[in-house]
Every structure is written in C-alpha cells, then in structure tokens.
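Asker: Give me the fold of what follows.
(chains A and B)
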Amino acid sequence: AQKITQTQPGMFVQEKEAVTLDCTYDTSDQSYGLFWYKQPSSGEMIFLIYQGSYDEQNATEGRYSLNFQKARKSANLVISASQLGDSAMYFCAMREPNTGNQFYFGTGTSLTVIP
Amino acid sequence: DAGVIQSPRHEVTEMGQEVTLRCKPISGHNSLFWYRQTMMRGLELLIYFNNNVPIDDSGMPEDRFSAKMPNASFSTLKIQPSEPRDSAVYFCASSRRTSRIGELFFGEGSRLTVL
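Answerer: A predicted model of the protein is given here:
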C-alpha cells in the first residue's frame, strides 16, 4: 500500500483565491510527522510546513496551513490568497521516526495559479 | 549556514561511463538520503543512511548503483556502467534524526544526462 497518496496530479487556482491540496497517509505508528514541500520550476525542494502526530492544533506558516484530520489520516495543505509565485509542484511527505527515520513522499500535485 | 552541497550540478556522459555524484550534508545532521526524480517515476528514494550506516537500499535500481558514506560529512552515489535510463535529477538530503521535526534539507540536485 502507498504510504502517501496525492490524488490530484494538477490543480488550477485563481490568483488571490484559496486552494486545498489533498494528502492521505498510511501508517500504523503512533508517532509520525507530516510535511509539505514545494518544488518550483527551478527545481529546488523547499520545506513549507510540518505537523506532528501528537500536535492538537493544525499547523500554520504564513499563508500555508495544514488541515490535519488524524482519524481520516489526511493532511491537506491549504494555501490562502494564492500568488503567481505559488505555481509549483507540491509534495506531501511522512516521517516515521521509530522505524529508522524513513521518509515517504507522494507523487506530487502541480499547482498553477492563474492571473 | 551552508546547506546540503551536491556536485556536480550537471553531468553529461556517454552510456557505459562511470558516474560519481557527491554530497556534503549539513553539519550535525545524522541521516542522509539519496533520491532520484524523473517525470515518469516522480521522486524515488534510492538509499538512506543513519549515522553513516546504510539502513535501506531497497530503492537502488540494480547492481550498477552503489552508495557510500565513509564519514558524517560526505557521501557518494556511483553508477557504473551508466545507461540512458539513468538520466534524472539526483537529490541528496539530510536531516537531524533526533530533532523534534527532523525535516529534510535538500541539495540543489545533480542533473544527469546519459547519452
């Protein structure tokens, strides 16, 4: 079974609108971490936001927030007030610290912000 | 602080040649990962090390690929002999396994083209 599933290969959003990128995960560990990374066309991988499995509050970093629904095993990324510079690939990832610090990445979602 | 440093940034070689990619992780990080990214297969984990010890190399495509981490500040990924299907961007990433978040810090990648 896939550890991280991103079902949206591509998404479009109007500039200044909010967009949600979906991510579901699969783990039997109680302790894990969830991450979102951004990869612009220049190719670098940029860490955006982190959610720990024991964190009760949804993580927020500026315009990024992580909608964490533990029972549903989902960790959706919400980008508010989209900007043209948000156009990029977005990867959801999970870390399992108790099983050797393995990191699992999803297949990514390509986001295009339309002016 | 210096980030993860990879070299070379670009490599063009002919089929059958040996290719060596190099990585210097962030000082103090004790986990190191090698990923390969292609359009067809996305981001694939090749191998990762904890404290210089290979933990999981199940993602290494075949015997033509080998990776070493002789010390905490250096790792190599070698392909011998190279084939056109090895053309990809190879990312090295490091993390501090014991930190609460333990996010991956990526290098800028090595773009390999095998003719």
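Asker: And for residue 68, the neighbour number?
Answerer: Picked chain A for this. When neighbours are defined as other C-beta atoms under 10 Å in any protein chain shown, A:Phe68 has 19 of them. All C-beta atoms are positioned from the backbone trio N, CA, C, and that covers glycine.
Asker: ah, I was thinking of chain B
Answerer: B:Lys68: 14 surrounding residues under other C-beta under 10 Å.
Asker: which bits of chain A sit near chain B?
Answerer: A:33, A:35, A:37, A:43-45, A:47, A:50, A:52, A:91, A:93, A:95, A:97, A:100-105, A:107-108 (C-beta under 8 Å from any C-beta of the partner chain).
Asker: remind me which residues of chain A are low pLDDT?
Answerer: Residue ranges of chain A with pLDDT under 70: A:1.
Asker: Strand partners (parallel or antiparallel) of the longest strand along it?
Answerer: Longest strand of chain A, by residue count under DSSP state E: strand A:88-96. If you go by DSSP bridges, strand A:88-96 pairs up with strand A:33-39 (antiparallel), strand A:102-105 (antiparallel), strand A:109-114 (antiparallel).
Asker: Could you look over these and pick the most buried one?
Answerer: Across the strands paired with strand A:88-96, averaging neighbours per residue (mean count of other C-beta atoms under 10 Å in any protein chain shown) puts strand A:33-39 on top, at a mean of 23.
Asker: Other residues contacting that strand?
Answerer: Residues from elsewhere that reach strand A:33-39, judged by C-beta atoms under 8 Å, 6 or more residues apart in numbering or on different chains: A:21, A:23, A:25, A:45-53, A:64, A:66, A:68, A:75, A:77, A:86, A:88-95, A:97, A:105, A:108, B:101-104, B:106.
Asker: one more time with 7 Å
Answerer: Applying C-beta atoms under 7 Å, 6 or more residues apart in numbering or on different chains, the external contacts of strand A:33-39 come out as A:25, A:45-53, A:66, A:75, A:77, A:88-95, B:101-103.
Asker: Of those, select the buried ones using a PyMOL command.
Answerer: In PyMOL syntax, the buried subset of these is picked out as below (16 or more other C-beta atoms under 10 Å in any protein chain shown):
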select buried, (chain A and resi 25+45+47+48+49+50+51+52+53+66+75+77+88+89+90+91+92+93+94+95) or (chain B and resi 102+103)
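Asker: And the residue in chain A that chain B sits nearest to, its phi and psi?
Answerer: Closest to chain B within chain A is A:Met45: 3.8 Å, counting by C-beta to the nearest C-beta. As for A:Met45, its main-chain torsions (degrees, to the nearest 10) stand at phi -100, psi 120.
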